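[1] compute the structure for the input listed below.
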Amino acid sequence: MTDALGWRKKFGVLAPSTNTIVEPDFHAMAVPGVTSHMSRIHIRDQDLSSDEKMLRILKEIDNEIFFAVDRIMTAAIDYLIMGMSAETFWGGIEGNRAFIKRLEDYTGLQVATGASACQAAVEAFKLKKIAVITPYQAVADDKLRRFFSDIDVEILRLKGLRCPTAIAIAEVSEDTLRNYLQEIDGDDIDGIVQMGTNLSMLRLADEAERWLKKPVIAINAATWWYALRQNHISDRVYGYGRLLREF
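    Have a look, this model is predicted:
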């Protein structure tokens, strides 16, 4: 028997309990026969105001993640998506591989992460020099630099928003992000990558590609695109950037 709505695939999505952006973003990019189902990782203290506090939240996620996995597995999902990007970049490319293996060994399912999606996206566009915008503290931005260095991509400029809480990430306006995109752009970069699944840039990235005339990769679009293509679902999705439209 196949699921009445998810007759092609049912995606399970893991995200922090504070995240209010990734779920509606994934629903907005839905294609026929593919459904996504959220399982929330309990965040008790959302303070992100320092490197130490961000590391504490990541440790809490590490402790809580398998409770969220157990809950979503009861829906008989076919595939698992990590709807948080920061943790998947920790430890560079080998750290991402270890994170994926840990989840795949536990669930028996394939797993999409933000790090894997970004690697596939920059390879699709053949990007070598990029600018990056993140909501993180400096400790996470340093991990991003290492990951992209591991895949032979140079970050020439990085704008870290240093959001004080997990909820505050979702409150950053499009006007603010538009100004930052213009600030970090330049003739010396091939494209821009946005991190932070709770940062709302899905539609703005699509818009920005037209006036910056280069790829602008929103993490939620990249992760959804990667999940679809890894499951041999080739539907084109319009309005959310070139990745989903062209690749």
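[2] rest of the way, CA atoms for contacts and neighbours
    Fine.
[3] let me see the ranges of the helices in the chain.
    For the chain, the helices defined by DSSP state H occupy 22-28, 51-73, 92-107, 114-125, 138-150, 166-169, 174-184, 202-212, 219-230, 242-246.
[4] out of those helices, which is the most enclosed?
    helix 219-230 (a mean of 25; mean count of other Cα atoms under 10 Å).
[5] other SSEs contacting that helix?
    helix 22-28, strand 111-112, helix 114-125, helix 242-246 (3 or more Cα pairs under 8 Å, 6 or more residues apart in numbering; DSSP states H and E).
[6] could you redo the last one with a cut-off of 6 Å?
    Secondary-structure packing of helix 219-230 (3 or more Cα pairs under 6 Å, 6 or more residues apart in numbering; DSSP states H and E): helix 114-125.
[7] what lies in contact with the helix it packs on?
    85, 88-89, 222-223, 226 (Cα atoms under 6 Å, 6 or more residues apart in numbering).
[8] tell me which two of these sit farthest apart.
    89 and 226 (16.0 Å; Cα to Cα).
[9] shaky segments in this protein?
    Low-confidence segments of the chain (pLDDT under 70): none present.
[10] about what we covered before: tell me which of the contacts of helix 114-125 is nearest to residue 12?
    Closest to residue 12, out of all of those and judged by Cα to Cα, is residue 223, at 12.8 Å.
[11] ok, and the closest non-adjacent residue to the closest one?
    residue 117 (5.1 Å; Cα to Cα, 6 or more residues apart in numbering).
[12] likewise for residue 220?
    Nearest to residue 220 is residue 197, by Cα to Cα, 6+ apart, at 5.9 Å.
[13] next, count neighbours for the one you found.
    31 (other Cα atoms under 10 Å).
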